[in-house]
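**Student:** quick one: sequence and predicted model below, then my questions.
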Amino acid sequence: QVQLVESGGGLVQPGGSLRLSCAASGRIFSINDMGWYRQAPGKERELVAHITNGGNTNYADSVKGRFTISRDNAKNTVYLQMNSLKPEDTAVYYCNADIFISAFLPVGVYWGQGTQVTVSS
């Protein structure tokens, strides 16, 4: 089985910073793309940032210039550095990864359990 475990969420004041981490573990042959999504109350889940296994990135317009996604392939871990946080960034943040558990099976899409980020004074 494969697990994605997020950490680093919490309560922060507007203008503050947080760093989220998501570590993949279990039966992993290789990992392709990884990403972070978020879901605010009453809203649909949306893509925040995405990174390929080659390090190419893309971001939602709402977070460009404030958030940075990165990964450590040796640790099977993806990070999201969030700076200049705003109240509208409040949401549950989920990590996502496209993982091969074998060279002979199709890629699977895996999700973490989510971590709450609250931006409030």
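**Tutor:** Great, that's in hand. Residues are numbered from 1 along each chain as shown.

**Student:** number of residues surrounding the residue nearest to Thr115 when sequence neighbours are not counted?
**Tutor:** Sequence neighbours aside, Gly9 is the residue nearest to Thr115 in space, at 3.4 Å (criterion: CB to CB, 6 or more residues apart in numbering). The C-beta positions use only the backbone N, C-alpha and C, and glycine is treated the same way. Gly9 has 19 neighbouring residues, counting by other CB atoms under 10 Å.

**Student:** please begin residue numbering at 36 from this point
**Tutor:** With the count now opening at 36, the last piece we talked about shows up as Gly44.

**Student:** I'd say Gly44 and Gln148 touch.
**Tutor:** No - counting by CB atoms under 8 Å, Gly44 sits too far from Gln148 to count as a contact (11.0 Å).

**Student:** work out for me the element Ala59 sits within.
**Tutor:** Using DSSP states H and E, Ala59 sits within strand 53-61.

**Student:** next secondary structure element downstream of that strand?
**Tutor:** In N-to-C order, the element after strand 53-61 by DSSP H and E is strand 65-74.

**Student:** below-threshold pLDDT in the protein: ranges please.
**Tutor:** For the chain, no stretch has pLDDT under 70.

**Student:** tell me where the protein has strands.
**Tutor:** Counting by DSSP state E, the segments of the chain that form strands are 37-42, 45-47, 53-61, 65-74, 81-86, 92-94, 102-107, 112-117, 126-135, 143-146, 150-154.

**Student:** just name the most buried of those strands.
**Tutor:** With neighbours defined as mean count of other CB atoms under 10 Å, the strands of the chain peak in mean count at strand 112-117, which reaches a mean of 23.

**Student:** partner strands of that strand, parallel or antiparallel?
**Tutor:** Using DSSP bridges, the strands paired with strand 112-117 are strand 53-61 (antiparallel), strand 102-107 (antiparallel).
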